[in-house]
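Q: got a sequence here, can you model it:
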Amino acid sequence: MRRWPLLRSARVGARGFTLIELLVSMVAGLVVALAVVTLSKNVANQFYEEVRASSAETSVRLASQRLRADISRAGLMTTGNIVADPRTAHAPGGNGAKGDAELQHLTGVRIITRGSMTPDNRFGMANAPAPPGTFVAQANAQAPVLTPDALAIYGNLTSGDEYFGSLDPSATGGCGGRAIRLNADDPSLLRIINTPAGAPVPPAQALSALTQIFAPVGGQRFYARVTDTKGFYHYATTCDVPVAINAGTAFVFLRNTNATLTSLETGSQFGGVDGFETISISPVQGAYWFIGKVTGGDHAAASPLTENASNPFLSTHKYDLYRAWISASGGVLVNDAEVVAEFAVDLKLGFTVDDPTQPETTNAKSRVFGFDATASDRDPWANRDITTLSPVMPGRGSAGPHRIRSVRYRLSTRTAAPDRDQALPPPTGSDFMYRYRLQGTNRYARVRVTQGEVALVNQARMTY
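A: Modelled structure (predicted):
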């Protein structure tokens with residue numbers, strides 16, 4: 001009988017949680033779990049936002065380096081103005097284009113105001129990219145309004161080398177113009193046809209490498225410059241099949257029958273290639289930089305990835321910064337364009353020119369055109385039809401793209417996804433962009449901007 005109180009006491013001490021206690025503890029646990037999940041989500045969102053911003057900044061910096069590298073080559077081994085250049089070989093009374101329409105517009109650099117919005121055909125670019133109409137609407141939705149420019153650069157963009165050789169009238173192949181046999185011991189050629197140890201590379205590999213130097217896009221004509229022993233330049237276009245290697249001997253084929261002129265044809269005044277004298281040849285190409293959307297050619301398969309139907313904020317109205325080759329016919333080869341930076345939103349260009357209308361001693365000898373200069377003010381210096389030489393100042397030369405001494409650029413890219421519903425206005429007096437509004441939404445993406453200036457050292461002494 002004495003055990004019952006002890007049993008009753010043990011049962012009281014072993015009593016579990018009540019239902020109310022369990023509910024309270026579960027609610028407290030859920031609150032803690034919800035706080036942890038919310039904190040983790042915020043941290044993850046912040047992390048991804050920073051990753052997207054870092055990606056945009058990395059993209060714009062890498063694109064800036066590529067753009068600077070191309071701009072620095074403007075005028076390299078080519079002419080700043082083939083019509084006015086006194087060192088071009090030509091017949092008396094003619095010019096360096098020698099009546100060839102494909103050569104008539106060759107220059108060192110062209111800046112096309114609003115060129116990314118409207119195709120420019122004034123200097124032979126019959127196939128210049130035409131961005132879709134939504135680009136204009138997208139640009140106008142921004143504050144300030146976006147009017148991205150375009151840039152055409154001409155020079156030796158593939159090698160930086162000259163190749164020595166001589167004319168070979170007996171060479172087979174080509175397209176009816178001149179054939180130049182390259183010297184087998186030329187160091188520039190040996191780097192292509194031999195390994196570092198001096199052993200010959202497979203013929204197909206050597207042919208592919210030499211072809212890429214003179215024609216970076218297969219089946220297209222590009223330019224070439226031949227330098228004679230008198231120091232005059234003969235400009236020509238390459239054949240559709242520009243090079244050949246036969247039994248270890250390399251040839252470059254030029255399309256024009258007057259690709260190189262003789263001393264008799266130039267009147268012995270403007271150079272000439274006579275006989276089998278040693279000459280040099282260098283490739284010349286054009287590169288076109290623009291912001292747009294390419295959905296054809298090599299990009300056709302990737303075009304469905306440009307838009308994201310499940311989440312239109314991610315990529316609707318996505319535009320990229322492209323670099324496309326310009327053929328000798330003036331066509332921009334957009335089907336083979338390279339995407340340099342995704343989600344590009346703006347490209348603005350400015351420049352400094354040497355003004356021949358001003359005396360050499362004046363402080364106003366250099367003129368500066370900013371990013372906001374109008375096309376009517378800029379075109380006489382940056383995009384003038386060089387088939388005419390006016391205005392001409394006695395003893396000082398003419399105005400035109402060859403007078404450009406430096407190019408300034410401002411490039412902007414955005415993050416892939418928006419993260420704000422309000423714009424961040426720029427400081428008073430600044431036209432920098434900090435937020436980009438996606439068309440048809442009130443959502444804003446972060447913008448990263450870089451700018452710089454490149455001196456055109458290859459055009460520093462072009463005063464003709």
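
Q: any idea how far Leu411 is from Phe214?
A: 30 Å (CB to CB, to the nearest Å). Bear in mind the C-beta positions are built from the backbone N, C-alpha and C, glycine included.

Q: so which elements touch the lengthiest helix in the chain?
A: For the chain, the longest helix by residue count, based on DSSP state H, is helix 19-72. Judged by 3 or more CB pairs under 8 Å, 6 or more residues apart in numbering; DSSP states H and E, the packing partners of helix 19-72 are strand 150-155, strand 279-292, strand 320-326, strand 338-341, strand 404-414, strand 444-455.

Q: list the helices and strands the first one packs on?
A: Put plainly, it is strand 150-155. Secondary-structure packing of strand 150-155 (3+ CB pairs under 8 Å, 6+ apart): helix 19-72, strand 109-112, strand 279-292, strand 344-354.

Q: tilt between it and strand 279-292?
A: Put simply, strand 150-155 runs at 170 degrees to strand 279-292, going by axes from the mean of the first three to the mean of the last three CA atoms, to 10 degrees.

Q: list the neighbouring strands of strand 150-155 plus their orientation.
A: The pairing partners recorded for strand 150-155 under DSSP bridges are strand 109-112 (antiparallel), strand 279-292 (antiparallel).

Q: what sits up against it?
A: With contacts defined as CB atoms under 8 Å, 6 or more residues apart in numbering, strand 150-155 is touched by 70-71, 73-78, 106-112, 115-116, 120, 123, 125, 128, 223, 284-291, 326, 347, 349, 407, 409, 458.

Q: right, and the helix or strand after that strand?
A: Beyond strand 150-155 in the direction of the C-terminus, DSSP states H and E gives the next helix or strand as strand 163-167.

Q: now that next one: how far from the chain's centre is it?
A: 31 Å (CA atoms, centre = their mean, to the nearest Å).

Q: ok, back up a step: highest mean neighbour count out of the helices and strands packed on strand 150-155?
A: Burial of the helices and strands packed on strand 150-155 is given as mean neighbour count (mean count of other CB atoms under 10 Å); strand 109-112 ranks first at a mean of 26.

Q: now that strand: mean pLDDT?
A: Mean pLDDT, strand 109-112: 94.

Q: Phe214 and Leu411 - which one has more neighbours?
A: Per other CB atoms under 10 Å, whichever of Phe214 and Leu411 has more neighbours is Leu411, with 27 against 24.

Q: can you list the domains in the protein?
A: Under the assignment automatic domain parsing, the domains of the chain span 50-86+109-152+288-459, 163-284.

Q: worst mean pLDDT among those?
A: Note on the domains of the chain: domain 50-86+109-152+288-459 shows the lowest mean pLDDT, a mean of 83.

Q: how distant is that domain from the center of its chain?
A: 9 Å.

Q: all the helices of the stretch 101-250 of the chain, residue numbers only.
A: Secondary structure of the stretch 101-250 of the chain (DSSP state H, counting those that start in this stretch): helices located at 133-140, 187-193, 203-214.

Q: I'd like to know which of those helices is closest to Ala97.
A: Ala97 lies closest to helix 203-214 among these, at 20.0 Å (CB to CB).

Q: separation between Gln439 and Val449?
A: Using CB to CB, Gln439 is found at 20 Å from Val449.

Q: go ahead and confirm Asp70 touches Ala324.
A: No: Asp70 is beyond contact range of Ala324, at 11.7 Å (criterion: CB atoms under 8 Å).

Q: overlap in contacts of the two?
A: With CB under 8 Å, 6+ apart, Asp70 and Ala324 have common neighbours Ala287.

Q: the helix or strand hosting Val252 packs against which elements?
A: If you go by DSSP H and E, Val252 is part of strand 249-254. If contacts are counted by 3+ CB pairs under 8 Å, 6+ apart, strand 249-254 sits against strand 178-182, helix 203-214, strand 223-227, strand 233-246.

Q: now, of the ones you listed, which is deepest in the fold?
A: Most buried of the helices and strands packed on strand 249-254 by mean neighbour count (mean count of other CB under 10 Å) is strand 223-227; its value is a mean of 25.

Q: partners of that strand in the sheet?
A: Sheet partners assigned to strand 223-227 using DSSP bridges are listed as strand 233-246 (antiparallel), strand 279-292 (antiparallel).

Q: one step back: need the domains of the chain in TSV (columns: distance to Leu19).
A: Formatted as TSV, these follow (distance: least, CB to CB, whole Å):
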stretch	distance to Leu19
domain 50-86+109-152+288-459	45
domain 163-284	78
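
Q: so which of the ones you listed is nearest Asp100?
A: Judging those by CB to CB, what sits closest to Asp100 is domain 163-284, at 5.9 Å.

Q: now the closest one, how far from the centre of its chain.
A: Centroid separation for domain 163-284 versus its chain: 27 Å, with CA atoms, centre = their mean.

Q: how long is that domain end to end?
A: In domain 163-284, first residue to last residue: 13 Å (CA to CA, to the nearest Å).

Q: would TSV of the helices and strands packed on strand 150-155 with distance to Ala91 be doable?
A: Listed next are the helices and strands packed on strand 150-155 as TSV, based on distance: least, CB to CB, whole Å:
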stretch	distance to Ala91
helix 19-72	33
strand 109-112	27
strand 279-292	19
strand 344-354	29
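
Q: closest to Leu189 out of these?
A: strand 279-292 (10.8 Å).

Q: roughly how far is that closest one from the heart of the chain?
A: On CA atoms, centre = their mean, the centre of strand 279-292 falls 11 Å from the chain's centre.

Q: what angle sits between that strand and strand 320-326?
A: If you take the same axes, to 10 degrees, strand 279-292 sits at 150 degrees to strand 320-326.

Q: just checking, Tyr436 is part of a strand?
A: Yes: Tyr436: assigned to a strand according to DSSP: H, G, I helix; E, B strand; the rest coil.

Q: okay, and the beta partners of the closest residue to it other than its chain neighbours?
A: Using CB to CB, 6 or more residues apart in numbering and skipping the chain neighbours, the partner closest in space to Tyr436 is Arg414 (4.4 Å). Legend: beta-bridge partners of Arg414 under DSSP bridges are Val447.

Q: run a quick neighbour tally on Arg414.
A: Neighbour count for Arg414, taken as other CB under 10 Å: 28.

Q: distance of it from Ala63?
A: Separation of Arg414 from Ala63 (CB to CB) stands at 13 Å.

Q: any idea how far Arg68 is from Ser75?
A: No, residue 75 isn't Ser; it's Gly. 15 Å.

Q: how long is stretch 365-373 end to end?
A: End-to-end distance (CA to CA), stretch 365-373: 18 Å.
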